[in-house]
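**Student:** Model the following, please.
(2 chains)
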Amino acid sequence: MEVEQTALPGIGLRHDFTTRKGQRVGVVSHRTGRRDLVIYDADDPDAVCHVVKLNDEEADALAELLGAPRIVQRLNQLHEQVEGLVSVQLPVPDGSPYAGRPMGDARVRTRTSASIVAVVRSGRVFASPGPDFVFAAGDVVVVVGSEDTTAEVAGILADG
Amino acid sequence: MHHTAVLFLEFGAIVLALGILGALALRVGISPIPLYLIAGLAFGTGGVLPLATSDDFVSVGAELGVVLLLLTLGLEYNADELVTSLTGNIRAGIVDLVLNAAPGAICALLLGWGPVAAVAMAGVTYATSSGITAKVLSDLGWIGNRETPTVLSLLVFEDLTMAVYLPILTTILAGLSLASGAVAVGVALLTVSAVLVVALKFGRFIEAFVASPNNEVLLLKVVGLALLVAGLAQQLNVSAAVGAFLVGIALSGELAEDAQALLAPLRDLFAAVFFVFFGLQTDPAKILPVAGLAALLAVVSMITKLLTGAYAARRAGIGKAGQARAGIALIPRGEFNIVIAGLAVGAGAHPDLGALAAAYVLILAAFGPLAAKLVQPLITSIAKRS
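**Tutor:** Predicted coordinates:
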């Protein structure tokens, strides 16, 4: 699937793609923070036939509905499949030594052998973050490992 | 009556009248600019309610209005966007320039107004009102459409062309001899390019200087800087408007958004004053004789804009219906055209130029958005049939 990105001078950015069934959808990101969910017309593929205007909060809510549960669901399935493997969601607390620092600094896998598979930030899911992904206080880190190793990760995120 | 009292009474009456007209425009769903112009005609010499004392004040307010209009226009774009639009759409941009400057220039030459007026009239018919067009796109839900980036980059191209055109116009309006005129144009173009380079390369230093967490400080710094550069530009014959526009371009990102939000009310007030002032300078009795000509010019330049939009959209691989929409979105004329005509009238161009430009913008500022609305169902049916 290819997502096309187009600059809209003076307004912001537009991303759009065609679904497998041939429906073109897109998101217009205004500089003001407004998001428009746009659905393209089947007869006139250049024209938008429906616009859903979303403010910050609504866009976050929609992103969460579309993205987050799917990942959590998948993790739960993984959990059921493999005995002894757990996936937990750990917060990066306010006073965490790693808030504002890249994930690589925490060396989670080296120190505990558990893996960070995703980070959820204000409703957005960052799947498979790299070592240069920068944590922020309030992030929720999804970790897969054993009971013991995931508990160790919680300790690292809280106290370093 | 005391002078201050008369001033307040008159200015208050004008602004209040504009507010009421604005409400009316909002209800009908058109741009308020034509109504502001009509209000100016009514208050001006030969109008129904000529003003006595507030002329000077209104004229200074109008100058401020132009500076603020251009400053906020510049704030909408950042330098990178300007460069990308310029390199990606140069061919469509040139087609736009040639097709749409021609009607005004030819009209002025046929009327025997001379080459200076021809250059001014070329600008009057060339520039699409980016303000009105942006509003049309948003009101009709066309922002997400695939032809919209083409329309927007044409608008950016036009605004950049203005940055080069306005200094040239100011210089030739000043009536300098050919040699010193050429020198002045050279100086003007050098200044514009120098400021653009500074904006591109060192915009962040200007931003660092202007930035402030306090709204009051930010407002004062941005307005102060814009007026200072506008004054300097005027002194160099580059036109104050261009100076303000370049300041706007130099500022970008979050700072530009904050400044835009802060400046919006100020701009709305003084821009409205500017349109009234232009109306004030125009004798309503002169409008009627040129009305037919203005209508003809409007029809011709509607067609040339339609062709421009269709050409640019087709190059971008947009279908028939989208090509039509791109053309229609470009029809509205407004603030820039009046700015250009205002410069020409102020410098003593042919007296009918102001009246013709006023009638022309009256027609296209009102009819442009309306045309888009009326044609929308027709375009949909074309798309359905094909």
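**Student:** Check whether the helix or strand harbouring B:L86 comes near chain A.
**Tutor:** Using DSSP states H and E, B:L86 falls within helix B:79-88. Yes: counting by C-beta under 8 Å from any C-beta of the partner chain, chain A is contacted by helix B:79-88 at B:81-82, B:84-85. In this view, the C-beta of every residue, glycine as well, is placed from N, C-alpha and C.
**Student:** Angles on the backbone of the residue nearest to the spatial centre of chain A, please.
**Tutor:** The residue lying closest to the centre of chain A (C-alpha atoms, centre = their mean) is A:V125, at 1.1 Å. Backbone torsions for A:V125, taken as degrees, to the nearest 10, come to phi -110, psi 130.
**Student:** Please read off the pLDDT at the nearest residue to it once chain neighbours are set aside from the model.
**Tutor:** Distances taken as C-beta to C-beta, 6 or more residues apart in numbering or on different chains place A:G67 nearest to A:V125, at 4.6 Å, with adjacent residues excluded. We note a pLDDT of 74 for A:G67 in this prediction.
**Student:** Could you give the number of residues near residue 138?
**Tutor:** Going with chain A. 14 (other C-beta atoms under 10 Å in any protein chain shown).
**Student:** not quite, I wanted chain B
**Tutor:** 14.
**Student:** What strand or helix carries it?
**Tutor:** Secondary structure from DSSP H and E places B:S138 in helix B:130-139.
**Student:** any idea of the mean pLDDT for that helix?
**Tutor:** Mean per-residue pLDDT for helix B:130-139: 83.
**Student:** what about the helix or strand following that helix, distance to the chain center?
**Tutor:** Later in the chain than helix B:130-139, the nearest helix or strand by DSSP H and E is helix B:148-173. Helix B:148-173 sits 10 Å away from the centroid of its parent chain (C-alpha atoms, centre = their mean, to the nearest Å).
**Student:** And the following helix or strand past helix B:148-173, what does it pack against?
**Tutor:** Scanning forward in sequence from helix B:148-173 by DSSP H and E, the next helix or strand is helix B:178-210. For helix B:178-210, the elements it packs on are helix B:79-88, helix B:148-173, helix B:215-235, helix B:240-250, helix B:253-281, judged by 3 or more C-beta pairs under 8 Å, 6 or more residues apart in numbering or on different chains; DSSP states H and E.
**Student:** Would you tell me which one of those is buried the most?
**Tutor:** For the helices and strands packed on helix B:178-210, the largest average neighbour count (mean count of other C-beta atoms under 10 Å in any protein chain shown) is found in helix B:240-250, namely a mean of 28.
**Student:** Quick check on A:R121: phi, psi?
**Tutor:** Residue torsions, per degrees, to the nearest 10, at A:R121 are phi -130, psi 120.
**Student:** how far away is the closest residue to it other than its chain neighbours from A:V119?
**Tutor:** Residue nearest to A:R121 in three dimensions, not counting chain neighbours: A:D139, with 5.1 Å by C-beta to C-beta, 6+ apart. Relative to A:V119, A:D139 is positioned 5 Å away (criterion: C-beta to C-beta, to the nearest Å).
**Student:** How about A:L8?
**Tutor:** Between A:L8 and A:V119 the computed distance is 29 Å (C-beta to C-beta).
**Student:** picking up where we left off before, so who does the residue nearest to A:R121 touch?
**Tutor:** A:D139 makes contacts with A:91-92, A:99, A:119-121, as judged by C-beta atoms under 8 Å, 6 or more residues apart in numbering or on different chains.
**Student:** In strands only, show me those.
**Tutor:** If you go by DSSP state E, the contacts of A:D139 have A:91, A:119-121 in strands.
**Student:** The residue nearest to A:V125 contacts A:R121, correct?
**Tutor:** No: judged on C-beta atoms under 8 Å, A:G67 makes no contact with A:R121 at a distance of 11.4 Å.
**Student:** sorry, back to before: of the helices and strands packed on helix B:178-210, which is nearest B:A321?
**Tutor:** Of all these, helix B:148-173 sits nearest to B:A321, with 13.2 Å by C-beta to C-beta.
**Student:** just the angle between the closest one and helix B:130-139, please?
**Tutor:** 170 degrees (axes from the mean of the first three to the mean of the last three C-alpha atoms, to 10 degrees).
**Student:** what inclination does helix B:148-173 have with respect to helix B:178-210?
**Tutor:** Helix B:148-173 runs at 130 degrees relative to helix B:178-210, counting by the same axes, to 10 degrees.
**Student:** Any part of helix B:148-173 near chain A?
**Tutor:** Yes: using C-beta under 8 Å from any C-beta, we find that helix B:148-173 touches chain A at B:148-149, B:152-153, B:155-156.
**Student:** Could you tell me the least trusted of the helices and strands packed on helix B:178-210?
**Tutor:** helix B:79-88 (a mean of 73).
**Student:** List the contacts of whichever helix or strand comes after that one.
**Tutor:** Toward the C-terminus, helix B:79-88 is succeeded by helix B:90-110 as the next helix or strand (DSSP H and E). By C-beta under 8 Å, 6+ apart, the list of residues contacting helix B:90-110 from outside reads B:86, B:114-115, B:117-126, B:150, B:153-154, B:157-158, B:161, B:293, B:297, B:300-301, B:304-305, B:307-308, B:311-312, B:315, B:330, B:350, B:353.
**Student:** How about stretch B:169-177?
**Tutor:** Residues outside stretch B:169-177 that contact it (C-beta under 8 Å, 6+ apart) are B:116, B:119-120, B:123, B:181, B:184-185, B:188, B:237-239, B:340, B:343-344, B:347, B:349.
**Student:** Any chance of the backbone angles for B:A366?
**Tutor:** Main-chain torsions, B:A366, degrees, to the nearest 10: phi -80, psi -40.
**Student:** same question, A:C49
**Tutor:** Main-chain dihedrals, A:C49, degrees, to the nearest 10: phi -100, psi -20.
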